[in-house]
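In: generate coordinates for the sequence data below:
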Amino acid sequence: MARDWVITAFKVSEQEARTGSAVVRMSFETERPFFPYREPADQRLEPESARTLRVFLVAPERVAGRIGTAGSWPARLDYARPRPEIARALAPALAEGSLPEQPWLNAFLDTSSPRQGVDDLFFDRAPDQVPVVPPPDVIDGRVRVPLPLDLAAAGAVALIWWRRRRRTQRGATASDFQGSRTR
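Out: Below you'll find the predicted structure:
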């Protein structure tokens, strides 16, 4: 399907790859947001290992992805909700006024293997506009150390015995001292 797109490619020299290259910003207008999902046929075969594709999209609403015009996309929507503070984070990289007033952050996870990759991935308004927020990951940093009760009881008995013995020895030493002074 011809879409009259212009493709721009960059070639990075070996020296630039070692030292790092400058940030490149490419901006263009499009009727529908999309992600270049196509892959060569030999990469759509069963891959040697599983691959993960994460797609993040800032849009004026919750969106859904579709491969081509009628295909489905097997990705899972992990997160979608308004994030007004994202405008500050993205402002230096985007043209002024290009972000919606109430930007939504949409995050998708595609673990399909092999991927369909026969067309591009397009995004449209999702029929359901309810925010999607995963439950928090609770990390319990406590470490439980088992303490046998018989060991604790034995320690308490030993401490009581030691203290009584010490008192008895102090009392005997003090009376010996007083007896030697009166003679």
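
In: next one: phi and psi at the residue positioned nearest the centre of the chain?
Out: In the chain, the centroid-proximal residue (C-alpha atoms, centre = their mean) is Asp137; its distance is 9.9 Å. Dihedral angles of Asp137 (phi, psi; degrees, to the nearest 10) stand at phi -90, psi 110.

In: strands of this structure, start to end?
Out: Assigned by DSSP state E, the chain shows strands spanning 34-35, 53-59, 63-67, 76-82, 104-110, 121-125.

In: can you say which of those is nearest to Thr168?
Out: strand 76-82 (70.3 Å; C-beta to C-beta). In short, each C-beta sits where N, CA and C put it, glycine included.

In: buried set for that closest one?
Out: Within strand 76-82, the residues scored as buried using 16 or more other C-beta atoms under 10 Å are Leu77, Tyr79, Ala80, Pro82.

In: what count of nearby residues applies to Asp110?
Out: If you count neighbours by other C-beta atoms under 10 Å, Asp110 ends up with 20.

In: same deal with the one 3 residues further on?
Out: Burial of Ser113, expressed as a neighbour count using other C-beta under 10 Å, amounts to 13.

In: wait, doesn't it sit right on Ala50?
Out: Yes: here Ser113 reaches Ala50: they are 5.0 Å apart, a contact under C-beta atoms under 8 Å.

In: off-centre distance for stretch 55-63?
Out: 18 Å (C-alpha atoms, centre = their mean, to the nearest Å).

In: only alpha carbons, please: show that stretch as CSV.
Out: Output in CSV follows, covering the C-alpha atoms of stretch 55-63 (Å, rounded to 0.1, in the frame of the first residue of the first chain):
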residue,chain,number,x,y,z
VAL,A,55,5.9,1.2,23.1
PHE,A,56,5.2,4.4,25.0
LEU,A,57,2.9,7.0,23.4
VAL,A,58,1.9,10.4,24.7
ALA,A,59,-1.5,11.3,23.3
PRO,A,60,-4.6,13.4,24.2
GLU,A,61,-6.4,10.2,25.3
ARG,A,62,-6.2,6.5,25.9
VAL,A,63,-5.3,4.8,22.6
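
In: could you pull out the helices for the protein?
Out: For the chain, the helices defined by DSSP state H cover 14-19, 86-90, 149-182.

In: tell me the gap between the second one and the middle of its chain.
Out: Between the centre of helix 86-90 and the centre of its chain there are 19 Å (C-alpha atoms, centre = their mean).

In: before we move on, the earlier item: redo the strands of the chain as JSON lines? Include distance to Gly171 and mean pLDDT.
Out: Formatted as JSON lines, the strands of the chain follow (distance: least, C-beta to C-beta, whole Å; pLDDT from 0 to 100):
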{"stretch": "strand 34-35", "distance to Gly171": "86", "mean pLDDT": "82"}
{"stretch": "strand 53-59", "distance to Gly171": "76", "mean pLDDT": "89"}
{"stretch": "strand 63-67", "distance to Gly171": "85", "mean pLDDT": "93"}
{"stretch": "strand 76-82", "distance to Gly171": "73", "mean pLDDT": "96"}
{"stretch": "strand 104-110", "distance to Gly171": "75", "mean pLDDT": "94"}
{"stretch": "strand 121-125", "distance to Gly171": "87", "mean pLDDT": "92"}
